[in-house]
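**Q** just coords:
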């Protein structure tokens, strides 16, 4: 009985820590950030980026990403994302993305349409600019606050979960072996929860700035070393840094470790089953000992179809 009580207490503490993190306006991380950039950068619409290299020509692609954080912890973060991108003529691209996130008492959904424009800088170098327009829905189960000992502002009862408009922008520079990406997917501030001195109140959502890059090194025939990194900046929160050091073998298999600064370590595996489909799995283990002892890590799956 005592063991179950301790476990319940620890899980509640984990939930509280996650709740505070979410109230800090942090959008979810993704181990497969390099292959799901359509979700955060509208410039990727129509700019196909397959696992076989960064210099892939334009093409239509559909992607799916599902992330389950801290598996076995009830109510832990879950994220499901779908994206689509296709070229529209010589220089234009069109994209659509749907993102659904749920963490303990909070749930959000965003639906966006992206438009990109390509400038051909050289035979192998392209510069893309993109704009994103869509709507975000946000809702919270306020009764769940009592579980974590947090009070609520009476005005929070006005949360209705309706969709509110938003816009974003981004740029992408890619060549035969490299890519650099900069984006702000949501420029407008939508109200969300924030915890302050034990009380949940309204707060304006803060813009997320994403800077990412990578380079593909050919080590030998059929073997590529593909390091990449992503920085995510949000005002008044610690800088988030992801580093991936993947190796590709014969354009069929990609495998490598992943590291998130001060948060966790893991690995990813991608299988290029055919020229038109990639499937991947990633696992992450947190550095926090309490979280690690009560959860089965973070699992993420990824599928991309190219047409």
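**A** It's in. Everything numeric in this text was worked out from a predicted model, so none of it was measured.
**Q** what stretches of the stretch 101-250 of the chain score poorly on pLDDT?
**A** 141-161, 190-205 (pLDDT under 70).
**Q** what segments of it are strands?
**A** 106-120, 126-140, 151-152, 163-174, 178-184, 191-196, 199-204, 208-215, 217-220, 223-234, 240-249 (DSSP state E, counting those that start in this stretch).
**Q** now those as TSV including mean neighbour count and distance to residue 98?
**A** From N, CA and C alone the C-beta is placed, and that goes for glycine too. Formatted as TSV, the strands of the stretch 101-250 of the chain follow (neighbours: other C-beta atoms under 10 Å; distance: least, C-beta to C-beta, whole Å):
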stretch	mean neighbour count	distance to residue 98
strand 106-120	19	5
strand 126-140	19	9
strand 151-152	14	29
strand 163-174	18	12
strand 178-184	20	18
strand 191-196	18	19
strand 199-204	15	24
strand 208-215	18	18
strand 217-220	10	35
strand 223-234	18	21
strand 240-249	18	23
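**Q** out of these, nearest to residue 92?
**A** strand 106-120 (6.1 Å; C-beta to C-beta).
**Q** quick one: that closest one to chain centroid distance?
**A** 13 Å (C-alpha atoms, centre = their mean, to the nearest Å).
**Q** pairing partners for that strand, with directions?
**A** Paired with strand 106-120 in the same sheet, following DSSP bridges, are strand 92-103 (antiparallel), strand 126-140 (antiparallel).
**Q** for the strand or helix carrying residue 67, enumerate the helices and strands it packs against.
**A** Taking DSSP states H and E as the criterion, residue 67 maps to strand 61-68. Secondary-structure packing of strand 61-68 (3 or more C-beta pairs under 8 Å, 6 or more residues apart in numbering; DSSP states H and E): strand 78-88, strand 298-306.
**Q** distance to residue 46 added to those strands, as JSON lines?
**A** JSON lines is the format used below for the helices and strands packed on strand 61-68 (distance: least, C-beta to C-beta, whole Å):
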{"stretch": "strand 78-88", "distance to residue 46": "4"}
{"stretch": "strand 298-306", "distance to residue 46": "12"}
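**Q** rewinding a little: any idea of the mean pLDDT in the strand holding residue 67?
**A** Strand 61-68 shows a mean pLDDT of 94.
**Q** can you list contacts of it?
**A** Strand 61-68 has contacts (C-beta atoms under 8 Å, 6 or more residues apart in numbering) with 28, 30-32, 35-36, 38-39, 48, 50, 76-86, 298-307.
**Q** ok, it: who's next to it in the sheet?
**A** strand 78-88 (antiparallel), strand 298-306 (antiparallel).
**Q** export the strands paired with strand 106-120 to TSV and tack on distance to residue 267?
**A** Formatted as TSV, the strands paired with strand 106-120 follow (distance: least, C-beta to C-beta, whole Å):
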stretch	distance to residue 267
strand 92-103	24
strand 126-140	30
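**Q** and of those, who's closest to residue 268?
**A** strand 92-103 (20.0 Å).
**Q** name the residues of the closest one that are buried.
**A** 93-97, 99-103 (16 or more other C-beta atoms under 10 Å).
**Q** any chance of these in JSON lines, plus distance to residue 173?
**A** Putting the buried residues of strand 92-103 into JSON lines (distance: C-beta to C-beta, whole Å) gives the following:
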{"residue": "93", "distance to residue 173": "15"}
{"residue": "94", "distance to residue 173": "20"}
{"residue": "95", "distance to residue 173": "18"}
{"residue": "96", "distance to residue 173": "23"}
{"residue": "97", "distance to residue 173": "21"}
{"residue": "99", "distance to residue 173": "25"}
{"residue": "100", "distance to residue 173": "30"}
{"residue": "101", "distance to residue 173": "29"}
{"residue": "102", "distance to residue 173": "34"}
{"residue": "103", "distance to residue 173": "33"}
